[in-house]
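Engineer: Structure for this input, please:
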Amino acid sequence: MPPDALFVIRRTHLKAFLTRHQPESKERITSALSRLLWLACKHNPQLDDEMLEHPYKLLNIFECWAREEGMHLPLSPETLKTALQRGAPP
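Structural biologist: Just a heads-up that it's a prediction; the model follows:
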């Protein structure tokens, strides 16, 4: 192909390709998983009640634990906050 050639893709084909090959965002977790997360945090001796009330303080701890386990993934403070709020008893 010549260096100035253009490659044309129909929008429908591009959307189909992206739908098939882009991972879904799975930031939202179920209520049951939220409850398990809250229980695990509540009964973890390294975490206290104040930290559960301020989940943003927990984010660094979770990121550190993830790195120690070889997980390098972005963690969302808002997702953590929402999950702990949903998991807490009424």
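Engineer: Let me know how buried the closest residue in space to residue 62 that isn't next to it in sequence is, in neighbour terms.
Structural biologist: Nearest non-adjacent residue to residue 62, counting by C-beta to C-beta, 6 or more residues apart in numbering: residue 75, 5.7 Å away. Yep, even glycine has a C-beta here, placed from its N, CA and C like the rest. By the criterion of other C-beta atoms under 10 Å, residue 75 has 14 neighbours.
Engineer: ok, so what distance separates residue 75 from residue 60?
Structural biologist: Noted for residue 75: a distance of 9 Å to residue 60, by C-beta to C-beta, to the nearest Å.
Engineer: Would you mind giving the secondary structure of the residue nearest to residue 62?
Structural biologist: Following DSSP: H, G, I helix; E, B strand; the rest coil, we place residue 75 in the coil state.
Engineer: And the helices in this protein, which stretches?
Structural biologist: Per DSSP state H, the chain carries helices over the ranges 11-21, 31-42, 49-53, 58-68, 77-87.
Engineer: who's in contact with the fourth one?
Structural biologist: Contacts to helix 58-68, defined as C-beta atoms under 8 Å, 6 or more residues apart in numbering, come from residues 41, 46-47, 51-52, 72-73, 75, 77, 80, 84.
Engineer: Go through the helices of the chain and name the closest to residue 5.
Structural biologist: helix 11-21 (18.2 Å; C-beta to C-beta).
Engineer: quick one: average pLDDT of the closest one?
Structural biologist: Helix 11-21 shows a mean pLDDT of 85.
Engineer: change the start of the numbering to 31 and stick with it
Structural biologist: Got it, first residue is 31 now, which makes that one helix 41-51.
Engineer: For that helix, output the C-alpha coordinates as PDB.
Structural biologist: C-alpha atoms of helix 41-51 as PDB (Å, rounded to 0.1, in the frame of the first residue of the first chain):
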ATOM      1  CA  ARG A  41     -19.100   2.600  11.800                       C
ATOM      2  CA  THR A  42     -21.200  -0.500  12.300                       C
ATOM      3  CA  HIS A  43     -18.200  -2.800  11.800                       C
ATOM      4  CA  LEU A  44     -16.100  -0.700  14.200                       C
ATOM      5  CA  LYS A  45     -18.900  -0.800  16.900                       C
ATOM      6  CA  ALA A  46     -19.200  -4.500  16.500                       C
ATOM      7  CA  PHE A  47     -15.400  -4.900  16.800                       C
ATOM      8  CA  LEU A  48     -15.300  -2.700  19.900                       C
ATOM      9  CA  THR A  49     -18.200  -4.500  21.500                       C
ATOM     10  CA  ARG A  50     -16.600  -7.900  20.900                       C
ATOM     11  CA  HIS A  51     -13.100  -6.900  22.100                       C
END
